[in-house]
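[1] Okay, sequence plus prediction incoming.
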Amino acid sequence: MSMLHEIQRTRAVPTGIGLGLRARFIEQVDAGKADGGPAFLELSPENYMHRGGRNPARLARIAERFPIITHGLMMSLGGPDPFDDDYFGFLRDFLDHYDPPWHSDHVCWSGQGGTLLHDLLPLPFTTAVAKRVASRVREARDRLERPMAVENISWYMRLGHGEHDEPEFLTEVLERAECGLLLDVNNVFVNAHNHGFDPYAWLERIPLDRVLQLHIAGHEPWDESLVVDTHGETVRDEVYELMAWVIERIGPRPVLLERDSNIPPLSELLTEIQRLDATYQEAVGRWQGRSAAQGPAAAISPAQEIGSHGV
């Protein structure tokens, strides 16, 4: 049984293609201009926890119409500082209010001594670091009292002499933490291009049964040898194919379209969601065919059993 199926026993989980909620178009979403488009919305609590004025009421209205999944930016799971009690207090109150099926953050470090670097920095791929990250994921789960997922990041240099490669390191973190994976397939593609490995071979070596959610985004070439994960372009066909490969093997999951720079009009994002959804639905169909070949019970998605939104 996958980790997602275990969560679905007690929580409603959306599936299909979602959109990251951004300030650029939040008023349009509030006005109903995105209704019927994304299957869910993902938001980063750090962008909303301390904002007053019309923001809480606006977000509450949006949450009445869309399932909400949350994704954190500031936990610094690989960082040296102890967790900040005030931050976790505000975060827990926020999550309790919107009740996402899980909360996620990144396998990275992003600050030291109380200074936030506003970047997702890579970690050495060692057992000692994997143990530390896993311990902090478990602590975060216990503080928030809800499931946790961690995201693989894009990285542009290796720190030190690692004992493992990235799939081995991530697998160790996931197993020690007993948590889910937010699989960013664009980050897999970017790293594969920049570091010269096969992205499909990478995917075959991670525990896909722990994938709770996928991220998909666009990237930009800086020169002939380097691409950068900017979230500033439309998603490339190669990344579509990676997403479809994963869904065909694990079944329906929430897949999030990220766009954080060079943000186009909302109408263009909704069109991109439609295109992504067509590829997604084809992959779900192939997964159902695979499952049916294994027996009638396997052909039913856990999401369909619960009656979740999206598939």
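    Yep, that arrived.
[2] so where is the stretch 151-300 of the chain shaky, pLDDT-wise?
    232, 296-300 (pLDDT under 70).
[3] mind listing the helices for it?
    Listed in chain order, the helices found in the stretch 151-300 of the chain under DSSP state H, counting those that start in this stretch are 166-177, 185-195, 199-204, 237-250, 266-294.
[4] now for the ones you listed, which one comes closest to Leu43?
    helix 266-294 (15.0 Å; C-beta to C-beta). Quick note: C-beta positions are derived from backbone N, CA and C, even for glycine.
[5] tilt between that closest one and helix 237-250?
    Angle of helix 266-294 versus helix 237-250, following axes from the mean of the first three to the mean of the last three C-alpha atoms, to 10 degrees, is 40 degrees.
[6] before we move on, the earlier item: same list (the helices of the stretch 151-300 of the chain) but as JSON lines, adding distance to Ser225 and mean neighbour count.
    Shown next, in JSON lines, are the helices of the stretch 151-300 of the chain (distance: least, C-beta to C-beta, whole Å; neighbours: other C-beta atoms under 10 Å):
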{"stretch": "helix 166-177", "distance to Ser225": "19", "mean neighbour count": "20"}
{"stretch": "helix 185-195", "distance to Ser225": "8", "mean neighbour count": "21"}
{"stretch": "helix 199-204", "distance to Ser225": "17", "mean neighbour count": "16"}
{"stretch": "helix 237-250", "distance to Ser225": "16", "mean neighbour count": "19"}
{"stretch": "helix 266-294", "distance to Ser225": "27", "mean neighbour count": "16"}
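[7] Between those helices, which one is closest to Pro38.
    helix 266-294 (5.9 Å).
[8] Check which helices and strands that closest one sits against.
    The contact analysis (3 or more C-beta pairs under 8 Å, 6 or more residues apart in numbering; DSSP states H and E) places helix 266-294 against strand 16-20, helix 237-250, strand 254-257.
[9] gap between the shortest one and the chain center?
    In terms of C-alpha atoms, centre = their mean, to the nearest Å, the centre of strand 254-257 is found 7 Å from the chain centre.
[10] so what's the residue positioned nearest the centre of the chain bridging to?
    Nearest residue to the geometric centre of the chain (C-alpha atoms, centre = their mean): Leu182, 4.0 Å. Beta-bridge partners of Leu182, counted by DSSP bridges, are Glu151, Gln213.
[11] Of all the helices and strands packed on helix 266-294, which one is nearest Gly36?
    Across these, closest to Gly36 is strand 16-20 (C-beta to C-beta), at 12.0 Å.
[12] Export the host helix or strand of Ala134 to PDB, keeping only CA atoms.
    Per DSSP states H and E, Ala134 falls inside helix 127-144. Presented in PDB, the C-alpha positions along helix 127-144 are these (Å, rounded to 0.1, in the frame of the first residue of the first chain):
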ATOM      1  CA  THR A 127      24.400   9.200   6.000                       C
ATOM      2  CA  ALA A 128      25.000  11.700   8.800                       C
ATOM      3  CA  VAL A 129      23.200  14.500   7.000                       C
ATOM      4  CA  ALA A 130      20.400  12.100   6.000                       C
ATOM      5  CA  LYS A 131      19.900  11.200   9.700                       C
ATOM      6  CA  ARG A 132      19.800  14.800  10.600                       C
ATOM      7  CA  VAL A 133      17.300  15.800   7.900                       C
ATOM      8  CA  ALA A 134      15.100  12.800   8.800                       C
ATOM      9  CA  SER A 135      15.100  13.600  12.500                       C
ATOM     10  CA  ARG A 136      14.000  17.200  11.700                       C
ATOM     11  CA  VAL A 137      11.300  15.900   9.400                       C
ATOM     12  CA  ARG A 138       9.900  13.700  12.100                       C
ATOM     13  CA  GLU A 139      10.100  16.700  14.600                       C
ATOM     14  CA  ALA A 140       8.200  18.900  12.100                       C
ATOM     15  CA  ARG A 141       5.600  16.200  11.700                       C
ATOM     16  CA  ASP A 142       5.100  15.900  15.400                       C
ATOM     17  CA  ARG A 143       4.900  19.600  15.900                       C
ATOM     18  CA  LEU A 144       2.400  20.100  13.100                       C
END
